[in-house]
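> missing the sequence, but the structure's below:
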DNA sequence: CATTGAGCTTCCAGTCACTGGAAGGTCTAT
DNA sequence: ATAGACCTTCCAGTGACTGGAAGCTCAATG
């Protein structure tokens, strides 16, 4: 398979696939003309990466996950620990965003949003104690 | 004020303050020795920026907000629109993270996490139709 | 057989918002 | 005089791509 087909079938952009090769996540062979020659296993790996990235795992986590996937003697506890850490990082991010959301939605509600200049959003940002 | 004091009082790292000067968000004067000489208005601006960043506004949004803050003839509608757009972006991010969270927490629960290699998390990532 | 256009290659630069570190000047207190 | 704190600039790196340029290869058409 050439990169175009792999991109289509994995759902990853060609640029991303080349980048993943650059950083050693996949190692496709090369045809005589210099084109990358992907095998089914490469496609499979790339799809794995796409799903792991869609769950928010970092590239380094993905590298680890791929390693565990290919390691027959892995312990599922290793995978679970990684996933739990990531889950907890997601929870932190959600909490942070919800904090922003709460403050911001209060401010948006308080702003009448017309042609006059006075604005509670700016007042809040300016730190003016009202 | 020198940068150290401004950093402490604004809560921003010195590096960040220098960076904000680089990109033209603040323009402190200079003392004869070449040190940055911040006035109260600069400190005020930096604190404004710190609060806006803490609400997740991008640097360019912050630039716009600062401009509106200093523009006496602004219309609060402009601020409100910007804030609403940002709020909606935050909502999108929260929704995306909650999607990840849901999938991932199911997978984590399904994984027994012991010394055996079989792991539903990896099975899911591998795309195996079970 | 020449040409066109799609598809592939590499390489370089840019994104965003900092952050770290090196090399060196300045100030204050002992 | 010197130590140490504080300041300066400049360069490079982060994460995970993304865009674009210049150029090679391949398949189909006239």
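Noted; the coordinates are in hand. What you see is a predicted model, and the numbers here were worked out from it, not measured in a lab.

> around DNA strand C, which positions in chain A sit nearby?
By the rule CB under 7 Å from any atom of the strand, the part of chain A lying against DNA strand C is A:2, A:3, A:4, A:5, A:14, A:18, A:34, A:35, A:36. Where you see a C-beta, it was placed from the backbone N, CA and C, and this is true even at glycine.

> mind checking how far residue A:55 is from residue A:49?
In this view, residue A:55 and residue A:49 are 11 Å apart by CB to CB, to the nearest Å.

> how about the most centrally placed residue in chain A, phi and psi?
For chain A, residue A:56 is the residue whose C-alpha lies nearest the centre (CA atoms, centre = their mean; 3.9 Å). Dihedral pair for residue A:56: phi 90, psi 0, per degrees, to the nearest 10.

> what is the neighbour count of the nearest residue to residue A:77 once chain neighbours are set aside?
Take residue A:77 and drop its neighbours on the chain: the residue closest to it by CB to CB, 6 or more residues apart in numbering or on different chains is residue B:113, 4.5 Å away. Number of residues near residue B:113 (other CB atoms under 10 Å in any protein chain shown) recorded here: 19.

> doesn't residue A:80 make contact with residue B:113?
Yes: using CB atoms under 8 Å, residue B:113 is in contact with residue A:80, at 3.5 Å.

> show me the shaky parts of chain A.
Chain A contains residues with pLDDT under 70 at A:130.

> how about residue A:34, secondary structure?
Of the three states, residue A:34 takes coil under DSSP: H, G, I helix; E, B strand; the rest coil.

> roughly how far does it sit from DNA strand D?
Distance, residue A:34 to DNA strand D, by CB to the nearest atom of the strand, to the nearest Å: 6 Å.

> what are the boundaries of the strands in chain A?
Along chain A, the segments classed as strands by DSSP state E run A:29-30, A:36-37.
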